[in-house]
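> sequence first, then the predicted structure, then my questions.
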Amino acid sequence: MGGRRRFSPRVATGLSIALMTGVYVDPGALDRALRPAALTRANVPPAGVEASDSPLGMPPEVLDSDQYSLLASPDPQQSLLAFDPCRPIHYVVRGQSKLPGADSVVREAVAQISAATGLRFIDDGETDEKSSDRRRPYQADKYGERWAPVLIDWSSPEENPGLAGAVAGLGGGQPYKNVDSPWVYVSGQIELDTPQLAEIMLHSGGDSVVRSGITHELGHVLGLGHVNDPTQLMYGGLNSTISLGDGDRAGLARLGRGPCVPEL
């Protein structure tokens, strides 16, 4: 995954409650992903698992906007780093039973992102896998012979010191390539501060705030960076936006038009 980015506090309407989220990409993880020698039969799935001949969906037509940014590809010659639109993105959730309503806000956030990108998501249910900076994007013993699903982990600062203080979420994608393919995201993870978000969920409108934070993190997982426009959900500073803006939608639509990569 790749460099840490902070999502500055966003405030729910009528509440003096701040939700701070961010994205990180551990440099060590990115260094490992950049090594072609690491791509062996032992740590990648068989090529083309679940790959279709054409995209499974298409993003909607959206207003033209330049108020979005894309996370950089490991290859400076590759302008777009995205998930393969010709295969579904599986996801699993850990610990959502700790927080009443967690399943609903996750489903709603995923649905928003899916609609904005045209990418197809599949809910693989709950997992006991904990998030980790060293998470492997292929875990055949746990998830079968395909890329590991995106992990959404309802964690805590005790489990993950990166969630200490005001930070309520962290997230990022995991890119891979082989010799003849472009870089493409194959998995990713989101870590959420359950105690902090549980407190927000107690208030009227709190579920919308939490959903917007998860949507923001999913944007990072798919390849969106922060912007300087406070009307966008991917803004990195203080604002009260809890829904996708025109720039967010333009960026997500572009990410939904990534290349199909059946060779991975």
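Perfect, I can see it now.
> once you drop chain neighbours, what's closest to residue 218?
residue 113 (4.7 Å; C-beta to C-beta, 6 or more residues apart in numbering). C-beta coordinates here come from the backbone N, C-alpha and C atoms, glycine included.
> just give me the neighbour total for the one you found.
25 (other C-beta atoms under 10 Å).
> how about the contacts made by it?
119, 121, 215, 218-219, 222, 252 (C-beta atoms under 8 Å, 6 or more residues apart in numbering).
> from those residues, which land in helices?
Among the contacts of residue 113, the members falling in helices (DSSP state H) are 215, 218-219, 222, 252.
> I'd like those as a markdown table, with distance to residue 182, neighbour count and pLDDT appended.
Output for the ones in helices among the contacts of residue 113, formatted as a markdown table (distance: C-beta to C-beta, whole Å; neighbours: other C-beta atoms under 10 Å; pLDDT from 0 to 100):
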| residue | distance to residue 182 | neighbour count | pLDDT |
| --- | --- | --- | --- |
| 215 | 26 | 25 | 96 |
| 218 | 22 | 28 | 97 |
| 219 | 21 | 30 | 97 |
| 222 | 16 | 27 | 97 |
| 252 | 19 | 30 | 98 |
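> closest to residue 234 among those residues?
residue 219 (5.5 Å; C-beta to C-beta).
> enumerate every residue touching that closest one.
Counting by C-beta under 8 Å, 6+ apart, residue 219 has contacts 113, 233-234, 248, 251-252.
> closest one of those to residue 142?
residue 113 (24.1 Å).
> residue 186 belongs to a strand?
Yes - checked against DSSP: H, G, I helix; E, B strand; the rest coil, residue 186 lies within a strand.
> how about low-confidence regions in the stretch 151-264 of the chain?
Scanning the stretch 151-264 of the chain for pLDDT under 70 picks out 238.
> can you pull out the strands in it?
Applying DSSP state E, counting those that start in this stretch to the stretch 151-264 of the chain gives strands spanning 167-176, 184-193.
> so which of the ones you listed gets nearest residue 135?
strand 184-193 (5.9 Å).
> the closest one packs against which elements?
Applying 3 or more C-beta pairs under 8 Å, 6 or more residues apart in numbering; DSSP states H and E, we find strand 184-193 packed against strand 150-155, strand 167-176, helix 206-222.
> pull stretch 235-246 out as CSV, backbone CA atoms only.
Listed next in CSV are the C-alpha coordinates belonging to stretch 235-246 (Å, rounded to 0.1, in the frame of the first residue of the first chain):
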residue,chain,number,x,y,z
TYR,A,235,-11.1,16.8,0.8
GLY,A,236,-8.2,16.4,3.2
GLY,A,237,-9.2,19.1,5.6
LEU,A,238,-12.0,20.4,7.8
ASN,A,239,-15.5,20.5,6.1
SER,A,240,-19.0,19.1,6.6
THR,A,241,-19.4,17.2,3.3
ILE,A,242,-20.9,13.8,3.8
SER,A,243,-21.7,12.9,0.2
LEU,A,244,-19.8,12.5,-3.1
GLY,A,245,-19.2,15.7,-5.0
ASP,A,246,-18.8,16.2,-8.7
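> list the buried residues for it?
Using 16 or more other C-beta atoms under 10 Å as the test for burial, stretch 235-246 gives 235-236, 239, 241-242, 244-246.
> contacting residues around the residue nearest to the spatial centre of the chain?
Centroid-nearest residue in the chain: residue 221, 2.4 Å away (criterion: C-alpha atoms, centre = their mean). Going by C-beta under 8 Å, 6+ apart, residue 221 touches 23, 150, 171-173, 185, 188-190.
> same thing but at 10 Å, please
Going by C-beta atoms under 10 Å, 6 or more residues apart in numbering, residue 221 touches 1, 23, 71, 83, 89, 91, 113, 150-152, 171-174, 185, 187-190.
> and what of residue 122?
50, 88-92, 110, 149.
> cool, and residue 194?
Counting by C-beta under 10 Å, 6+ apart, residue 194 touches 95-96, 98-99, 102, 153-157, 159, 163, 168, 201.
> TSV for these, including neighbour count and distance to residue 258?
Shown next, in TSV, are the contacts of residue 194 (neighbours: other C-beta atoms under 10 Å; distance: C-beta to C-beta, whole Å):
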residue	neighbour count	distance to residue 258
95	19	30
96	19	28
98	14	34
99	17	32
102	23	29
153	25	25
154	23	29
155	23	29
156	17	34
157	15	34
159	16	32
163	25	30
168	27	28
201	18	34
